[in-house]
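Engineer: fold the stuff below for me.
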Amino acid sequence: MKGQDWKDWQTRRTRRPRRIEEPKSLEIGFPIVWVLLGALSGLLVIGLIGLGVVNIVRKQAITPTPTAIPGIAPTNPVVEATAPPQPATPTIPPVVTLEPTETPTPTPSPEPTPPEALAAGVYARVVGTEGAGLSVRGGPGTNNARISVAAEDSVVLILDGPRADENQQDFVWWFVRDESGVEGWVVQDFLQPTLPPEQGQ
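Structural biologist: Okay, here's the model as predicted:
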């Protein structure tokens, strides 16, 4: 009996938890599924409501509804029709023909001409001495000492004159400076007006 009781007790003990667990799993699993489905449905509804509220708020912020003034009928805004801008047509500049410019012909500079007569400040050339040269004296007369001799074809600068001959002769005298810097009196008969040495004849 002891063995039989022990087997019955073991049989009850092992089967008892199975019977208890099966109803618990069925009772607990069925409501959890519905709870999850209900929670998801609630979240979905709340999300849709939130989106609707956001859209309404955005529409009110972007396009405010104008308030109607009593006694004045609302008028549609006047939209001025503006013509589309015309494309700018390129303007071709007129062709400018340049007239040929005439090259001015250089005007020849006039050749310097020697003075017509002897005078103070005029250069004179020694001529007619037949190569002997012109005596330069210390005074306007042949009685004065000869200081130097101006060579034939040399140029002298007249400093003063004319002066009559001291001896009452028919000579006219000029006070000159020769090329060597010597100053004295010479007879007019052997002088010819000329250009300065730097200009030539």
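
Engineer: contacts only, for the closest residue to A145 other than its chain neighbours.
Structural biologist: Leaving aside its chain neighbours, A145 sits nearest to G138 (5.0 Å; criterion: Cβ to Cβ, 6 or more residues apart in numbering). Just so you know, the C-beta spots here come from the backbone N, C-alpha and C atoms, and that holds for glycine as well. When contacts are counted by Cβ atoms under 8 Å, 6 or more residues apart in numbering, G138 is found next to N144, A145, I147, G184, W185.

Engineer: wasn't the last one part of a strand?
Structural biologist: Yes: judged by DSSP: H, G, I helix; E, B strand; the rest coil, W185 forms part of a strand.

Engineer: doesn't S41 belong to a helix?
Structural biologist: Yes: counting by three-state DSSP, S41 falls inside a helix.

Engineer: what segments of the chain are helices?
Structural biologist: According to DSSP state H, the chain carries its helices in the segments 2-62.

Engineer: show me where pLDDT drops low in it?
Structural biologist: 1-30, 60-88, 90, 200-201 (pLDDT under 70).

Engineer: now do 80
Structural biologist: 1-31, 33, 55, 57-111, 199-201 (pLDDT under 80).

Engineer: okay, now the domains of it?
Structural biologist: Annotated domains of the chain cover 1-65, 123-194 [automatic domain parsing].

Engineer: export the ones you listed as a markdown table, with columns for distance to V95.
Structural biologist: Shown next, in a markdown table, are the domains of the chain (distance: least, Cβ to Cβ, whole Å):
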| stretch | distance to V95 |
| --- | --- |
| domain 1-65 | 59 |
| domain 123-194 | 61 |
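
Engineer: pick the most deeply packed of those.
Structural biologist: domain 123-194 (a mean of 17; mean count of other Cβ atoms under 10 Å).

Engineer: now the terminal residues of it, how far apart.
Structural biologist: Start to finish, the residues bounding domain 123-194 are 6 Å apart (Cα to Cα, to the nearest Å).
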